[in-house]
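**Q** give the three-dimensional model of this entry:
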Amino acid sequence: MVCDDADHGTNRMMKMRILLSLICSTLLLSCYAQQSVDSTADKMLVYQLGNGGWPKQLEDKSVVNYDADLTPALLDKIKATKDLHATFDNKATSREVVYLVKAYKKTQNKAYLAAAEKGLDYILSAQYANGGWPQYYPDQSSYRSEITYNDDAMINVLNILQDIATQTNDFDVVNPVYMKKAGKAVAKGIDCILKTQVKQNGVLSIWAAQYDKDSMLPAKARAFEPASLSTSESVGIVRFLMRIKNPSVAEKNAITAAVKWFDTYKIVGFRFDRPKNPKANVKAAALIQDSTAIAWARFYDLDQNTPIFGDRDNTIKAKLEELSLERRNGYAWYGNWAQKLIEKEYPKWLTTNGK
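**A** Model (predicted):
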């Protein structure tokens, strides 16, 4: 049988359509495959501990590094890491929950959301009845059990829970049952914040870096971290409080008092000059003149509002120069932490919330 040109044309068209369909299907599958996987999120699933939290370091003290390949040796170290290493220190757990939620939003990979929600369960279970969070949970040894604002540990957690309660920053994807739980946890956390703001002769100031979990009084941590007013952490606390819509009188007072303290004790015309490589000991860190700069000491005496400095031998110094060179160069003793807060963020907050 002989086919005419029309038949040939029809066959060619059919073949072309089939080919285009295959190409489109391949591209769609490829696109889906690329979107459904996030290599960092996949590693976070591997590092997650049985209780839902994440470590900042493994059993052998090696630091968690999501850029590192998951070699058999590393997988063995991760597998050997116990739940006691779960922590909120150095952004551990909060970092992973935030990342996994955003990864799920992009990829729709349900494993990421499930891991994030398991992390949320861990966060909620770690909160004390008084509203605070420890640095580690369930490890209660030493200062790990203290209510910890240090390095923004508690505030990082509260920001996540506030995002859930207000359905912001991609946290609208989590199971709605967490909204009520998060709202209650945030309310308790705010109550803890208000109760721990240090009063000096009845006047509110700022906050310490950590507190005894029972007495809720300022406490020391490492040898060089004395019980004291802590500027860096207090800035994070104020920023969290300023997120609250329709703040109460107590919340407004806490914010205003802290900003007033920062404005009163700012060090104008100086900045902290610190060696980029502290271990090199090329020169000593120092507060130097700079007409464009504003600074605050990291720690202040709880009563006198004077800068204090801790050394590894548990001694408290009144001057930076009195520290051992290792500690003098190895810690951020001064910084401009509150500058943006008092110059821009607080005035903006005032326009909406008043005094």
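**Q** rest of the way, CA atoms for contacts and neighbours
**A** Will do.
**Q** which stretches of the stretch 151-300 of the chain form helices?
**A** 153-166, 177-196, 231-241, 249-264 (DSSP state H, counting those that start in this stretch).
**Q** ok, which of these comes nearest Lys340?
**A** Within the helices of the stretch 151-300 of the chain, the stretch nearest Lys340 is helix 231-241; the backing value is 9.8 Å (CA to CA).
**Q** what's across from Ser230 in the sheet?
**A** For Ser230, the beta-bridge partners are Phe299 (DSSP bridges).
**Q** ok, it to Cys192 distance?
**A** According to CA to CA, to the nearest Å, Ser230 and Cys192 sit 16 Å apart.
**Q** coming back round to it: closest one to Asn130 among the helices of the stretch 151-300 of the chain?
**A** Among the helices of the stretch 151-300 of the chain, the nearest to Asn130 by CA to CA is helix 177-196 (6.2 Å).
**Q** which elements pack onto the closest one?
**A** helix 110-126, helix 153-166, helix 249-264 (3 or more CA pairs under 8 Å, 6 or more residues apart in numbering; DSSP states H and E).
**Q** counting neighbours, what do you get for Asp313?
**A** 9 (other CA atoms under 10 Å).
**Q** with Arg243 instead?
**A** By other CA under 10 Å, 12 other residues sit near Arg243.
**Q** what does Thr196 give?
**A** Residues near Thr196, counting by other CA under 10 Å: 20.
**Q** please apply the same query to Ser291.
**A** 10.
**Q** give the rounded mean pLDDT of the helix or strand that contains Ile78.
**A** Here Ile78, judged by DSSP states H and E, is contained in helix 72-80. Here helix 72-80 scores 97 as its mean pLDDT.
**Q** nearest to Asp214 among the helices of the stretch 151-300 of the chain would be which one?
**A** That would be helix 177-196 among those, by CA to CA, at 11.8 Å.
**Q** go ahead and confirm Leu241 touches Ile255.
**A** Yes - Leu241 lies in contact with Ile255 (CA atoms under 8 Å); the separation is 7.0 Å.
**Q** re the thing from before, nearest to Asn336, out of the helices of the stretch 151-300 of the chain?
**A** Among these, helix 231-241 sits nearest to Asn336 (CA to CA), with 8.8 Å.
**Q** C-alpha coordinates for the closest one, PDB please?
**A** Below are the C-alpha coordinates for helix 231-241, written out as PDB (Å, rounded to 0.1, in the frame of the first residue of the first chain):
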ATOM      1  CA  THR A 231      23.900  44.800  76.700                       C
ATOM      2  CA  SER A 232      24.000  42.600  73.600                       C
ATOM      3  CA  GLU A 233      21.300  40.200  74.900                       C
ATOM      4  CA  SER A 234      19.100  43.000  76.100                       C
ATOM      5  CA  VAL A 235      19.000  44.600  72.700                       C
ATOM      6  CA  GLY A 236      17.600  41.300  71.300                       C
ATOM      7  CA  ILE A 237      15.000  41.200  74.100                       C
ATOM      8  CA  VAL A 238      13.800  44.800  73.400                       C
ATOM      9  CA  ARG A 239      13.500  44.000  69.700                       C
ATOM     10  CA  PHE A 240      11.400  41.000  70.500                       C
ATOM     11  CA  LEU A 241       9.100  43.000  72.800                       C
END
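**Q** list the helices and strands it packs on?
**A** helix 153-166, helix 249-264.
**Q** report the angle between that helix and helix 153-166.
**A** 10 degrees (axes from the mean of the first three to the mean of the last three CA atoms, to 10 degrees).
**Q** helices along the stretch 1-150 of the chain, start to end?
**A** Under DSSP H, counting those that start in this stretch, the stretch 1-150 of the chain gives helices at 5-35, 39-47, 72-80, 94-107, 110-126.
**Q** just the helices and strands packed on helix 231-241: most buried one?
**A** helix 153-166 (a mean of 23; mean count of other CA atoms under 10 Å).
**Q** circling back: make a markdown table out of the helices and strands packed on helix 177-196 and add mean pLDDT and distance to Trp349.
**A** A markdown table is the format used below for these (pLDDT from 0 to 100; distance: least, CA to CA, whole Å):
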| stretch | mean pLDDT | distance to Trp349 |
| --- | --- | --- |
| helix 110-126 | 98 | 29 |
| helix 153-166 | 98 | 18 |
| helix 249-264 | 98 | 10 |
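**Q** out of the ones you listed, nearest to Ala223?
**A** By CA to CA (comparing all of the helices and strands packed on helix 177-196), the closest turns out to be helix 153-166, at 19.1 Å.
**Q** let me know how buried His235 is, in neighbour terms.
**A** Slight slip there: residue 235 is Val, not His. Applying other CA under 10 Å, we find 24 other residues in the vicinity of Val235.
**Q** ok, the one 3 residues further on next?
**A** Here the count is done by other CA under 10 Å, and Val238 has 25 residues near it.
**Q** same thing with Pro275?
**A** Pro275 has 15 nearby residues by other CA under 10 Å.
**Q** do Lys319 as well
**A** Neighbours around Lys319, by other CA under 10 Å: 12.
**Q** would you confirm that it contacts Ile308?
**A** Yes - with contact defined as CA under 8 Å, Lys319 and Ile308 form a contacting pair (6.9 Å).
**Q** that older thread, make CSV from the helices and strands packed on helix 231-241 and add distance to Ala114 to it.
**A** As requested, the helices and strands packed on helix 231-241 are arranged in CSV below (distance: least, CA to CA, whole Å):
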stretch, distance to Ala114
helix 153-166, 15
helix 249-264, 34
